[in-house]
Every structure is written in structure tokens, then in C-alpha cells.
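1. coordinates only, sequence not included:
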């Protein structure tokens, strides 16, 4: 499947709704547990997604459009959410993510990116030259990857409870 | 986390809604592709979930309650969906799954399972003796595992499009 802006939007637009439906009014046993030391709970993942909306995808798109490869992206802080999410409720994180995503997609759409613009390059601090189409593909995959992660983390909370079915349910062993 | 019927219901009740939101009106490029030979597309997974509602979880609960270990479960057909889903639309599969799940959860709730009932055992054709609480835990984890799978299969469709980000986005390499 080739990159297609409209098909990417199909995913990017529904992620806040999917996460809201997946997580709203769930017990803390599902949303605040993780997969072990140095791993994230669904709550942590939401904070990470918020930080991405604030500092990663659209800010980097703007750098590519305005500066090309001459101005490298700011490195992304993968741990910012621990401080930023402190004391907040899961529902407030969901609202914040939804609001930020809605606004960012408005910016994305109003950029009217054509094939030429999508080929523009930026400078990633670790990966080197990257194309705008790759950045937008990565944003889309990043959403899906974190839906994978959230669902997997929740599944693992029942790892011992499934008894012998652990042999069949690979998700608890992954 | 210990098995808890209400916490399991939190997941089991929302799965049809989550899948509907995740898949309705998506391009076929997202929903009909798989991960390679002998793997399932999101469309295939929906058929599998439908077959589970029809022949696996609640039918097996009934066998445990009525027959205990004296009557082994019917083996589950992991390939039934290829025939059963033929010619159907994704939206019709989503409706069918939602209808079956709603009905099955009505049966589950009306069984008024107490701690004693949850300890009852049945006979799995391959796994041997299993408890009702393990069956219901497995049903819950099975839902989450297939949300994982569907999201992962979709993410992989952009594997080449993310360019160098494939190094960071483990979901496309899993």
C-alpha cells in the first residue's frame, strides 16, 4: 500500500474516538497497570500521544515545509509524559489528546500538500534525511502501534487468569 | 489482576463498538490486506470473532454448567470464517458480531455466576480441565488480542512508506 493522504486521515481522525471508546470508564486495573519495569500503562501512552501532538508530527511538518533539511528536528522526549500527566485523570488526557489532534489535522488539511510537497525532506536528529510523506506515514503507524500496545498491556493483566489458555493466547506472552 | 466478572464485562461489552469505530468506512487497503501467507486480514478476524460467538465461549459455558467435565467441548474451527464470510460486507460482519455479542452477554449476565459457579470445570479437547473463570478470562483476552492483531495488520500496510522510521516503529517489524 502506497502512502495516501486521505487514507492516512482515515486512521488519524478516528484514533481519538477509538481510544476514548477503548478506555473511558474502565477500571484502573486495566488502565494504570503496565507490562513490567520501564514499560507504559495505557495512561502513560495517552500522555505520550499528547506530547507527540505538541512537539512531534505537525511541528516537524512545519520545519520541513519552512526549512527543509537546514534545520534539524528537535529530539523527541519519550519520557515527558511522566511529569506532564501527573495528577490528571485519564478522561482529561483523552479530552486533551482529542482537542490537540483535531487542531493538528486542521493544520495538516489546510497545508494542501501536493505530491511535490510530500517529497520534501527534513533532517531527523538520529535518522538523517526523511521525507514529509514518511513523516506522515510514521504518524499513522504510530497511532496504530499504540492501539496495539494499549490492548496488549490490558490483555496481559489477565495472563495468569486465563490458565491453560495462555498456550493459545499469544498476546499474553508477547 | 484477579478475574472479576464486572471488569471482564467492561471489555466484552465495548469490543463491538471499538471494532466498529476502528473499521467502519475504512478503505479496503486497510481492511482486506493481511500480514502474508496464511495470515488474516481485519475482515477475516471479524469472521473469526463471529464464529467464536456462535460456537465457542457461551456454548462452552453452557456445557460446563450443564455437564461439567463429562462432555468435552467441540473443537473450535479456526478456518470457518473463510466460507462463512464469503460475499459479505465488512459492515454486515460488524453488525452480525454486535448482535451475537449482545445476545451472548445477556445470557452470561442471566446465568448469575457466583464464586462457586466460576470454579466449575469443563473438558477442553486439547487443554484438558479448565475452569469457567478461565474460560471467561480467555474470552476477554481473546477480544483484546484481536484488537492488537487488527491494528498491527493495518500498521504493516505502511511498512515501506515509513522509510527510516521503521527502525523506531516496532509494530511494522513484529
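-> Okay, I see it. Note that the structure is a prediction, hence the values are computed from the model and not measured.
2. contacting residues around residue A:139?
-> A:8, A:12, A:52, A:56, A:57 (C-beta atoms under 8 Å, 6 or more residues apart in numbering or on different chains). The way it works is simple: take the backbone N, C-alpha and C, and place the C-beta from them, glycine included.
3. Now do the helix ranked longest in chain A: distance to the chain's middle.
-> When chain A is parsed with DSSP state H, its longest helix is helix A:132-156. Offset of helix A:132-156 from its chain centre (C-alpha atoms, centre = their mean, to the nearest Å): 6 Å.
4. Which other helices and strands does the helix or strand of chain A with the lowest mean pLDDT contact?
-> Least confident helix or strand, chain A: helix A:80-84 with a mean of 90, by mean pLDDT, DSSP states H and E. Contacts defined by 3 or more C-beta pairs under 8 Å, 6 or more residues apart in numbering or on different chains; DSSP states H and E place helix A:80-84 against helix A:42-55.
5. let's see 10 Å
-> helix A:42-55, helix A:90-110 (3 or more C-beta pairs under 10 Å, 6 or more residues apart in numbering or on different chains; DSSP states H and E).
6. among the ones you listed, which is nearest chain B?
-> Relative to chain B, the nearest member of the helices and strands packed on helix A:80-84 by C-beta to the nearest C-beta is helix A:42-55, separated by 11.2 Å.
7. Past the closest one, which element shows up next along the chain?
-> Using DSSP states H and E, the helix or strand that follows helix A:42-55 in sequence is helix A:57-67.
8. quick check, that next one touching chain B?
-> No: judged by C-beta under 10 Å from any C-beta of the partner chain, helix A:57-67 stays clear of chain B, getting no closer than 11.3 Å.
9. so what does that helix touch, helix or strand wise?
-> By 3+ C-beta pairs under 10 Å, 6+ apart, helix A:57-67 packs against helix A:42-55, helix A:90-110, helix A:115-118, strand A:121-124, strand A:128-131, helix A:132-156.
10. Quick one: mean pLDDT for that helix?
-> Averaging pLDDT along helix A:57-67 gives 98.
11. Just want the angle from that helix to helix A:90-110.
-> 30 degrees (axes from the mean of the first three to the mean of the last three C-alpha atoms, to 10 degrees).
12. Give me the distance from helix A:57-67 to the chain's centre.
-> 18 Å.
13. Not counting its own residues, what contacts it?
-> A:12, A:52-53, A:69-74, A:76, A:100-101, A:103-108, A:111, A:113, A:117-118, A:120-124, A:130-132, A:135-136, A:138-140, A:142-143 (C-beta atoms under 10 Å, 6 or more residues apart in numbering or on different chains).
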